[in-house]
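*Asks:* coords please:
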Amino acid sequence: MSHTAHIPSHRKPRRSASKLALRAGVAGGVLGTIAVAGAAGPANAEPVTETIEMPTLGSLDTAGLASAVAASAETSQQEALDQSLQAQENAALQKAAKEAKKAKAEADRKAEAERAEKARAEAEAKAQAEQERKDAEERASRDRARTQLSTTSTTSSNTGSSVSGSDSNGSGSSSSDGGSSTGSSTETQAPSGTAAAIVAFARAQVGDAYVMGGTGPNSWDCSGLVQAAYASAGIDLPRISGDQSSRGTSVSLSNLQPGDVLYWGSRSGSYHVAIYVGGGKYIGAQNPSTGVVERSLDWDTPSGAVRIL
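*Replies:* Numbering: from 1, shown residues only. The predicted structure follows:
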């Protein structure tokens, strides 16, 4: 036989340590039980001739143990699942509560904004109504003043005619002078009240320079002069000519009164304005070459006129 040939071992295969320990434990338990029984018995007791067989691991109900373990694992898994579901429910409730709180805050904010907007609109409407009432009262006051002025003018004219007629009985020359004087007075009747203040202010600026955007006191543009003239009588007008000509009531050029605002172009889109001062003349800041001048309507006929007084 070769010295390298495999020689089969005659040793018995080793048993596993767990099996040896289990058998040793069972044997030790049996022997210990017998020894205790022998020691506890009486001295003259008969020798033990019968042995008690202890249960081994193999005799246990492994199927029942497996079922118990499986049931315990299932219970643990169910508890873990229940806890997970509970956590998800709590998180969902918290999220829903936050969203509800946020939605309520947004709704409150919108409601407050709507209340503020409504209050602002009501305040504006009230202020506008009050302004319209004041404007109406001012217009009514001016109409009464015009009516009174017209009545006074008519009375004065009638009185002048009577005096002229009386003078004609005594002297034809006097009659002729009186008639001429009356006609001149009627045609160039001086403005009074608010209109007089406006005309006086405008006439005081004749000769001042024209400067685009000028609002005084020594240089003006057309709308700046009109605005300042009306302000001198306590009346506020917009700064731009188009806005100024949009105020008041339209009047024909054949029915002008001192203080009326003349405009060139369309009423709402006028490019130039001036003040009618009576006698067929107006005062306006014309251009850089002429400055503030007093001109006849025939020199540059306006497109229209508005009466603000």
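*Asks:* how about the closest residue to residue 225 other than its chain neighbours, secondary structure?
*Replies:* Once flanking residues are discounted, residue 225 sits nearest to residue 285: 4.6 Å by Cβ to Cβ, 6 or more residues apart in numbering. In this view, the C-beta of every residue, glycine as well, is placed from N, C-alpha and C. Assigned with DSSP: H, G, I helix; E, B strand; the rest coil, residue 285 falls in the strand class.
*Asks:* and residue 285, what are its bridge partners?
*Replies:* Counting by DSSP bridges, residue 285 is bridged to residue 292.
*Asks:* Low-confidence stretches in the stretch 1-150 of the chain?
*Replies:* In the predicted model of the stretch 1-150 of the chain, residues 1-61, 135-136, 138-150 satisfy pLDDT under 70.
*Asks:* And for the residue nearest to residue 225, the neighbour number?
*Replies:* Residue 285 is flanked by 29 other residues according to other Cβ atoms under 10 Å.
*Asks:* now do residue 89
*Replies:* With other Cβ under 10 Å as criterion, residue 89 counts 10.
*Asks:* Over to residue 300?
*Replies:* By other Cβ under 10 Å, 14 other residues sit near residue 300.
*Asks:* for it, helix, strand, or coil?
*Replies:* Under three-state DSSP, residue 300 falls in the coil class.
*Asks:* And residue 203, by the same measure?
*Replies:* Here residue 203 is recorded as helix under three-state DSSP.
*Asks:* Now it: closest residue in space that isn't a chain neighbour?
*Replies:* Nearest residue to residue 203, sequence neighbours excluded (Cβ to Cβ, 6+ apart): residue 283, at 6.1 Å.
*Asks:* Distance check, the one you found against residue 84.
*Replies:* From residue 283 across to residue 84, the span is 93 Å (Cβ to Cβ, to the nearest Å).
*Asks:* if you count what's nearby, which of those two comes out ahead?
*Replies:* For residue 283 versus residue 84, neighbours defined as other Cβ under 10 Å are more numerous around residue 283 (25 against 10).
*Asks:* show me what contacts the more buried one?
*Replies:* Listed by Cβ atoms under 8 Å, 6 or more residues apart in numbering, the contact partners of residue 283 are 199, 202-203, 205-206, 225, 274-275, 277, 292-295.
*Asks:* So which residues of this structure form helices?
*Replies:* Remark: helices assigned in the chain by DSSP state H are 17-40, 62-170, 172-187, 193-204, 222-231, 241-245.
*Asks:* What are the buried residues along the last one?
*Replies:* Applying a neighbour-count criterion of 16 or more other Cβ atoms under 10 Å, one finds 241-242, 244-245 buried in helix 241-245.
*Asks:* what does the fifth one give?
*Replies:* Counting neighbours by 16+ other Cβ under 10 Å, one finds that the buried residues in helix 222-231 are 222-230.
*Asks:* Which ChimeraX command selects the buried ones in the contacts of residue 283?
*Replies:* With 16+ other Cβ under 10 Å as the criterion, this ChimeraX line picks the buried residues out of the contacts of residue 283:
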select :199,202,205,225,274,275,277,292,293,294
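*Asks:* ok, so of the contacts of residue 283, who is nearest residue 308?
*Replies:* Nearest to residue 308 among those is residue 275, at 10.4 Å by Cβ to Cβ.
*Asks:* Surely that closest one touches residue 226?
*Replies:* Yes. Residue 275 is within contact range of residue 226, at 6.0 Å (criterion: Cβ atoms under 8 Å).
*Asks:* any residues in contact with both of those two?
*Replies:* Shared contacts of residue 275 and residue 226, defined by Cβ under 8 Å, 6+ apart, comprise 261, 284.
*Asks:* could you dump stretch 69-82 to PDB, C-alpha only?
*Replies:* Presented in PDB, the C-alpha positions along stretch 69-82 are these (Å, rounded to 0.1, in the frame of the first residue of the first chain):
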ATOM      1  CA  VAL A  69     -44.900  31.200  18.800                       C
ATOM      2  CA  ALA A  70     -46.700  31.900  15.600                       C
ATOM      3  CA  ALA A  71     -49.700  33.300  17.500                       C
ATOM      4  CA  SER A  72     -47.400  35.500  19.500                       C
ATOM      5  CA  ALA A  73     -45.600  36.800  16.400                       C
ATOM      6  CA  GLU A  74     -48.900  37.500  14.700                       C
ATOM      7  CA  THR A  75     -50.100  39.400  17.800                       C
ATOM      8  CA  SER A  76     -46.900  41.500  17.900                       C
ATOM      9  CA  GLN A  77     -47.300  42.200  14.200                       C
ATOM     10  CA  GLN A  78     -50.900  43.200  14.600                       C
ATOM     11  CA  GLU A  79     -50.000  45.500  17.500                       C
ATOM     12  CA  ALA A  80     -47.200  47.100  15.400                       C
ATOM     13  CA  LEU A  81     -49.700  47.600  12.500                       C
ATOM     14  CA  ASP A  82     -52.200  49.100  14.900                       C
END
